[in-house]
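Peer 1: structural data only, the sequence is not supplied:
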């Protein structure tokens, strides 16, 4: 970690460092975002905070903290929105419950525009084809504003 991109040790979010990828040939790519991890009790959730400079990242932390502070409710609302969005009819409660169990929250992204995106993985493989990952986009009040699928 260089002096230009020092780590951020946040009391609530933990250690955040500028993201890097190391390739097989030893080449290192430095990315324009910081990364970290939080423990949700069952697994580690990756944090992705857009910003090439430490001040940019620090400016996004309060918004990220609001989503993480109420993570159980935010995650459930997001999984419900994903299941409802891709259902042809209004899903039954048991379908929402199954979806919540089947969609594992893998990453939370804090974008430069203030949006928070929750990235999920379908751990049972019945909701989305292999290679497709649902995401829920949150507005300022942590309500789901959009659902998307990434590939």
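Peer 2: All right, it came through fine. Predicted model only: the values in this text are computed from it and were never measured.
Peer 1: just give me the residue right at the centre of this structure.
Peer 2: By C-alpha atoms, centre = their mean, the chain has its centre lying nearest to residue 108, at 1.6 Å.
Peer 1: how near is that one to residue 114?
Peer 2: Distance, residue 108 to residue 114, by C-beta to C-beta, to the nearest Å: 14 Å. Every C-beta, even on glycine, is put in place using the N, C-alpha and C of the backbone.
Peer 1: if I pick residue 120, what's in contact with it?
Peer 2: The neighbours of residue 120, taking C-beta atoms under 8 Å, 6 or more residues apart in numbering as the test, are 78, 79, 82, 103, 104, 105, 106, 133, 134, 135, 136.
Peer 1: picking up where we left off before, phi, psi for the residue nearest to the centre of the chain please.
Peer 2: Note on residue 108: backbone dihedrals following degrees, to the nearest 10 are phi -120, psi 120.
Peer 1: tell me how far it lies from residue 137.
Peer 2: Per C-beta to C-beta, residue 108 is found 11 Å from residue 137.
Peer 1: identify the contacts common to those two.
Peer 2: In contact with both residue 108 and residue 137: 116, 117, using C-beta under 8 Å, 6+ apart.
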